[in-house]
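**Student:** Coordinates for the following, if possible.
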Amino acid sequence: MASTLSHADVARLLAEPSPHMRAEVAGKLAAEVDSPDLTEAELKLAQDIIRLMAKDVEVAVRKSLSQSLRSAIRLPHDVALRLATDIEAVALPVLTHSPVLTNQDLIAIVHGGSSAKQEAIAGRPHVPEQVADALIGEASESAVAILMNNPTAHISDAGFNKAADRFETSEIVKESMATRANLPVTITERLVTLVSESLKDYLVSHHELPPALAADLILQSRERSIINLSSGSSEPNVEKLVAQMYANKRLTPSLVLRALCMGDLPFFEAAVAILANVPLMNARILIHDAGRLGLKSLYVKSGLPPRLLPAVRIAIDVVSETMMDGGPNDRARYRARVIERILTQYEDFGPEDLDYLLEKLDDVLSTAA
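**Tutor:** Predicted coordinates for the structure are as follows:
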């Protein structure tokens, strides 16, 4: 850009009757502003021109300016904010890309902006946690779904929980949350429960199933999902998962016992500890007490079904002695070995317990194969 361009030239340019011409000039000027070849005087002049053009009465001019300046690092902050608060056609490129806008700018626009503006902010690269919290609390359903689909957005555990509370009935938000690569285990458990309830309603309404039968089917599906979820989680996350399920009355005896029979000893230990109101380290010592008195006392205090205590004893021994082989699908083979050994060592199962273990054995053997 020539350094001889004067403010008088700028005034004549802005007086040009053709909006198309001004829009074209706006695009060219915007392309120049981040050039490293500009002197300080040239940069100031370019920014002054941009500042004036941001006030142009023609939407086409402001739109061209916004599109060209959407990623400009040296866009004046006051211009970025002016464009971001303009009509949607002008604002969206800057809202989606501009690095000049601050967290406070974006939060203010979330609070007072349209759904389209909220959606643009939700799709920005690396949305900060503070902005994500504002979107979750204030933005439209579609904007929050876009945020959840944004793999670079920084979302806190509290933010996920708030989204699950606020959009409990929104399938689009729940599905967007469920497909995130790194979702906290406690949020995943909540989603399993929420999705399961909607599936139960679908089964009852579309397939003429009795509600009780549908509930049983969903419970089995949910418990399988939770066990798979727990098996891939760290110890602290398993403890959080168990605590959340206990607080929401979802830590059922069948889930606790199924987890153990599937080889998930950390889940079983954490669950029995919280059910018996005993510190986890104490519970582990009691569970693995060689004299057997510790396990019996803890088990009775936990309120789990007394008739399954002998099976639990065997399952604990089997799980403690069985190791993964380290090969492909080793978790499935590990589970199959655990269930096979439980079945061969304990014959006093009730029909329901035996059916469950045999069904799981078929499942895990199929997966391993």
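**Student:** Check what contacts stretch 70-87 and list those residues.
**Tutor:** By C-beta atoms under 8 Å, 6 or more residues apart in numbering, the surrounding residues in contact with stretch 70-87 are 30, 33-34, 43, 47, 50-51, 54-55, 59, 62, 65-66, 69, 90-91, 93-102, 105, 109, 117. Quick note: C-beta positions are derived from backbone N, CA and C, even for glycine.
**Student:** Narrow those residues to those that are buried.
**Tutor:** Buried members of the contacts of stretch 70-87, counted by 16 or more other C-beta atoms under 10 Å: 30, 33, 43, 47, 50, 54, 62, 65-66, 69, 90-91, 93-98, 100-101, 105, 109, 117.
**Student:** just checking, which of those belong to helices?
**Tutor:** 30, 43, 47, 50, 62, 65-66, 69, 90-91, 93-97, 105, 109, 117 (DSSP state H).
**Student:** care to break this protein down by domain?
**Tutor:** The chain breaks down into these domains under automatic domain parsing: 1-72, 102-179, 184-245, 252-369.
**Student:** how far does the second one stretch from start to finish?
**Tutor:** In this case it means domain 102-179. In domain 102-179, first residue to last residue: 29 Å (C-alpha to C-alpha, to the nearest Å).
**Student:** Nearest residue to Phe268 in space, please, no chain neighbours.
**Tutor:** Leaving aside its sequence neighbours, Phe268 sits nearest to Leu260 (C-beta to C-beta, 6 or more residues apart in numbering; 4.1 Å).
**Student:** pLDDT score assigned to that neighbour?
**Tutor:** If you check Leu260, the pLDDT there is 82.
**Student:** Read off the pLDDT value for Val238.
**Tutor:** Val238 is assigned a predicted lDDT (pLDDT) of 87.
**Student:** isn't it right up against Val185?
**Tutor:** Yes. Using C-beta atoms under 8 Å, Val238 makes contact with Val185 at a distance of 7.5 Å.
**Student:** Pick the most deeply packed of the domains of the chain.
**Tutor:** Ranked by mean neighbour count under mean count of other C-beta atoms under 10 Å, the domains of the chain are led by domain 102-179, which reaches a mean of 18.
**Student:** and that domain, average pLDDT?
**Tutor:** Mean predicted lDDT for domain 102-179 stands at 93.
**Student:** please begin residue numbering at 388 from this point
**Tutor:** All set: I'll call the first residue 388, so the last point we hit is now domain 489-566.
**Student:** Please state the offset of it from the chain centre?
**Tutor:** 11 Å (C-alpha atoms, centre = their mean, to the nearest Å).
**Student:** same thing with stretch 561-578?
**Tutor:** With C-alpha atoms, centre = their mean, you get 4 Å for stretch 561-578.
**Student:** and that stretch, how far apart are its ends?
**Tutor:** End-to-end distance (C-alpha to C-alpha), stretch 561-578: 7 Å.
**Student:** Stretch 542-559 now?
**Tutor:** Stretch 542-559 stretches 17 Å from its first residue to its last (C-alpha to C-alpha).
**Student:** about what we covered before: could you verify my assumption that the residue nearest to Phe655 touches Val706?
**Tutor:** Yes. Between Leu647 and Val706 a contact is recorded at 6.8 Å, counting by C-beta under 8 Å.
**Student:** picking up where we left off before, can I get the domains of the chain in JSON lines with distance to Thr472?
**Tutor:** Formatted as JSON lines, the domains of the chain follow (distance: least, C-beta to C-beta, whole Å):
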{"stretch": "domain 388-459", "distance to Thr472": "11"}
{"stretch": "domain 489-566", "distance to Thr472": "7"}
{"stretch": "domain 571-632", "distance to Thr472": "34"}
{"stretch": "domain 639-756", "distance to Thr472": "50"}
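**Student:** Compare those domains and say which comes out lowest on pLDDT.
**Tutor:** For the domains of the chain, where the average pLDDT is lowest is domain 571-632, sitting at a mean of 67.
**Student:** can you map out the strands along the stretch 638-756 of the chain?
**Tutor:** For the stretch 638-756 of the chain, no strands are identified by DSSP state E, counting those that start in this stretch.
**Student:** Would you map the helices across it?
**Tutor:** Secondary structure of the stretch 638-756 of the chain (DSSP state H, counting those that start in this stretch): helices at 640-648, 652-663, 667-674, 680-689, 696-708, 717-732, 738-755.
**Student:** Right, I'll call it a day here.
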